[in-house]
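Participant: With the sequence up front, the predicted model follows.
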Amino acid sequence: MTTPTAAAVSLDGTTVAFRLAGGRTYTAVETAQLSVADGEFVAIVGPTGCGKSTLLNVAAGLLKPAAGSVRIFGQPLAGLNHDAGYLFQADALFPWKTALENVAIGLEVAGSARADAAAKAQQWLASVGLGAFGNRYPHMLSGGQRKRVGLAQVLIRNPRIILMDEPFGPLDAQTRQIMGNLLLDLWSADRKAVLFVTHDLEEAIALADRVVIMSAGPASRIIGDWRVTLPRPRDIFEVRMKHEFHELHREIWQTLKTEVEKTYKQAGAV
Ligand SMILES: Nc1ncnc2c1ncn2[C@@H]1O[C@H](COP(=O)(O)OP(=O)(O)OP(=O)(O)O)[C@@H](O)[C@H]1O
């Protein structure tokens, strides 16, 4: 049962600890407080290794927190989060299947007839600008095209929540921006709750309704939460030219910079 006003994702006092060799534990995230409203786009930014993916994995139900609660649309999460679609940084396409088959497979596994799944997959490939590429195998696609297939693969299942872990990380700067605009177009048409992990503060501000900053680990916490009031629809090329964008970037960077420096000092890199 869904509570109508409940947040899509709600992490309350979430602590995640990993067991290390020799019986030691490493507390990656400590008492994190995070909620994503239905239809809201939230970006998590923080220094490398601070626990961004860890939080996303908790929201996906892939990791069980040592303490705290995880609620999805008001219900405690037990096991995998079946309301969520997950887009990783690395490609998760089957190399032996065509683009069309890769997109259709989620529906087939969920019980759709093969022809129906293929027809819907073709529509989704068209929505991500790859209508003519359905017969290609992943190795015959560029990195950006593979990301488009990955996006279609997630969206075809119509998840209520989309979890994205640096999805455009491996792409060149121009392709990242094009993918960002594509994501915004698709998201605006049918707003889902999005939790988007990135190390790129500009990308976070350009895309999100809220930007959440995590502190340097260990025992990383959420130390800042900014609302992005830049008007929508946004073009992420143009939004970066706006005065408000620069102001917000400067303000958030004051906090983020300190954490990034701590991380590098801990690693002995500076
Ligand atoms: N299975 C594990 N066992 C032990 N430590 C882990 C495990 N998974 C993650 N960690 C540690 O937890 C911390 C958080 O990792 P996580 O991958 O969430 O960071 P991140 O912020 O996503 O990093 P990046 O930006 O570099 O991708 C890191 O210090 C990492 O080494």
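Facilitator: Okay, I see it.

Participant: Can you verify my assumption that residue 182 contacts residue 130?
Facilitator: No. In this structure residue 182 lies outside contact range of residue 130 using CB atoms under 8 Å: 10.7 Å. Glycine gets a C-beta too; all of them are placed from N, C-alpha and C.

Participant: Quickly list what's touching both of these two.
Facilitator: Counting by CB atoms under 8 Å, 6 or more residues apart in numbering, the common neighbours of residue 182 and residue 130 are residue 148.

Participant: and those two? which has more neighbours close in?
Facilitator: A count of neighbours by other CB atoms under 10 Å puts residue 130 above the other of residue 182 and residue 130, at 22 against 18.

Participant: Report the spatially closest residue to the more buried one, excluding sequence-adjacent ones.
Facilitator: Using CB to CB, 6 or more residues apart in numbering and skipping the chain neighbours, the partner closest in space to residue 130 is residue 148 (5.4 Å).

Participant: same check, this time on residue 57
Facilitator: Leaving aside its chain neighbours, residue 57 sits nearest to residue 63 (4.2 Å; criterion: CB to CB, 6+ apart).

Participant: Give me the three-state assignment for the one you found.
Facilitator: Per DSSP: H, G, I helix; E, B strand; the rest coil, the local secondary structure of residue 63 is coil.

Participant: That one: what's it in contact with?
Facilitator: So residue 63 contacts 16, 54, 57 (CB under 8 Å, 6+ apart).

Participant: Alongside the ligand, which residues does this structure contribute?
Facilitator: Contact residues, the chain versus the ligand (CB under 6 Å from any ligand atom): 18, 20, 26, 28, 46, 48-54, 199, 217.

Participant: Those: which two are farthest apart?
Facilitator: The most widely separated members of the residues of the chain next to the ligand, counting by CB to CB, are 20 and 199 (24.3 Å).

Participant: Which of those two has more residues huddled nearby?
Facilitator: Per other CB under 10 Å, whichever of residue 20 and residue 199 has more neighbours is residue 199, with 17 against 9.

Participant: quick check, the more buried one in a helix?
Facilitator: No. Read with three-state DSSP, residue 199 is coil and lies in no helix.

Participant: can you map out the strands along this structure?
Facilitator: Ranges of strands within the chain are 9-19, 25-36, 41-45, 67-72, 75-76, 84-87, 161-165, 193-197, 210-214, 222-227, based on DSSP state E.

Participant: quick one: strands adjacent to the shortest one?
Facilitator: For strand 75-76, the paired strands and their directions (DSSP bridges) read strand 67-72 (antiparallel).

Participant: Could you give me the buried positions within the partner strand?
Facilitator: Neighbour-count burial for strand 67-72 flags 68, 70-72 (criterion: 16 or more other CB atoms under 10 Å).

Participant: Now do the contacts for the nearest residue to residue 19 once chain neighbours are set aside.
Facilitator: Nearest residue to residue 19 in three dimensions, chain neighbours excluded: residue 25, at 5.7 Å (CB to CB, 6+ apart). Neighbouring residues of residue 25 by CB under 8 Å, 6+ apart: 17-19.

Participant: do the same with residue 179
Facilitator: 144, 147-148, 151, 167-168, 171.

Participant: Can I get the buried part of these as one ChimeraX selection?
Facilitator: Restricted to buried positions by 16+ other CB under 10 Å, the ChimeraX selection for these reads:
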select :144,147,148,151,167,168,171
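
Participant: buried ones in stretch 19-26?
Facilitator: Buried positions in stretch 19-26, judged by neighbour count with 16+ other CB under 10 Å: none.

Participant: Please write out the alpha-carbon positions of that stretch in PDB.
Facilitator: In PDB, the C-alpha atoms belonging to stretch 19-26 read as follows (Å, rounded to 0.1, in the frame of the first residue of the first chain):
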ATOM      1  CA  ARG A  19      33.000  -5.700   7.200                       C
ATOM      2  CA  LEU A  20      36.700  -5.600   6.500                       C
ATOM      3  CA  ALA A  21      39.300  -8.400   6.800                       C
ATOM      4  CA  GLY A  22      40.400  -9.100  10.300                       C
ATOM      5  CA  GLY A  23      37.000  -8.400  11.800                       C
ATOM      6  CA  ARG A  24      37.200  -4.700  11.500                       C
ATOM      7  CA  THR A  25      34.400  -2.600  10.100                       C
ATOM      8  CA  TYR A  26      34.400   0.500   8.000                       C
END
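
Participant: I am finished for the moment; much appreciated.
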